[in-house]
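Participant: Build me a model:
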Amino acid sequence: MSKKGYIYIITNYQNTTLYIGVTSNLYKRIWEHKNKVVEGFSKKYNLKKLVYYEIADDIETAINREKYLKGKSRQYKINLIESINKEWKDLYDEITDSSGLRPSE
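Facilitator: A predicted model of the protein is given here:
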């Protein structure tokens with residue numbers, strides 16, 4: 001059985017910079033962005049707000065979708081975000097870890 005994949009978009013609190021990523025554990029990966037655990041683009045630009053995500057049946061499909069979205073225009077990405085999150089709220093509190101529980105539960 002394949003592990004699910006997640007495609008996500010994070011931004012800063014001014015919604016000026018977008019980053020598209022892919023992971024097999026969305027909760028853990030967004031926690032890493034929020035806590036600046038990994039050096040890189042998201043840490044440099046203070047990208048901590050999850051504004052969009054999709055679930056794919058497997059990681060290979062997720063990687064292909066990530067590549068596709070990275071090739072799209074900024075406006076396309078904005079439209080995608082606003083199709084599910086018009087207010088650009090942080091969706092982090094709506095997701096769970098792979099066990100289905102928040103770490104504090």
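Participant: Poorly predicted segments of this structure, please.
Facilitator: Flagging of the chain using pLDDT under 70 yields the residue ranges 1, 97-105.
Participant: In it, what residue spans correspond to strands?
Facilitator: 5-11, 18-23, 49-56 (DSSP state E).
Participant: CA-only coordinates of the last one, as CSV, when you get a sec.
Facilitator: C-alpha atoms of strand 49-56 as CSV (Å, rounded to 0.1, in the frame of the first residue of the first chain):
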residue,chain,number,x,y,z
LYS,A,49,1.3,29.9,7.3
LEU,A,50,-0.3,26.9,5.6
VAL,A,51,-2.8,28.4,3.1
TYR,A,52,-3.4,25.4,0.8
TYR,A,53,-3.0,21.7,0.6
GLU,A,54,-4.0,18.7,-1.4
ILE,A,55,-3.9,15.0,-0.7
ALA,A,56,-2.6,12.6,-3.4
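Participant: now the angle between strand 18-23 and that strand, please.
Facilitator: 40 degrees (axes from the mean of the first three to the mean of the last three Cα atoms, to 10 degrees).
Participant: list the helices and strands strand 49-56 packs on?
Facilitator: strand 5-11, helix 59-70, helix 74-84 (3 or more Cβ pairs under 8 Å, 6 or more residues apart in numbering; DSSP states H and E). Using the backbone N, CA and C atoms, a C-beta is placed for each residue, glycine as well.
Participant: Can you say which of the strands of the chain is packed in most?
Facilitator: Mean neighbour count (mean count of other Cβ atoms under 10 Å) peaks for strand 5-11 among those, with a mean of 23.
Participant: For that one, what is the distance to the chain centroid?
Facilitator: 2 Å (Cα atoms, centre = their mean, to the nearest Å).
Participant: From the rest of the structure, what touches that strand?
Facilitator: 17-26, 29-30, 33, 42, 47-63, 65-66, 69, 77, 80-81, 88 (Cβ atoms under 8 Å, 6 or more residues apart in numbering).
Participant: Now residue 62: closest residue in space that isn't a chain neighbour?
Facilitator: Nearest residue to residue 62 in three dimensions, chain neighbours excluded: residue 5, at 2.6 Å (Cβ to Cβ, 6 or more residues apart in numbering).
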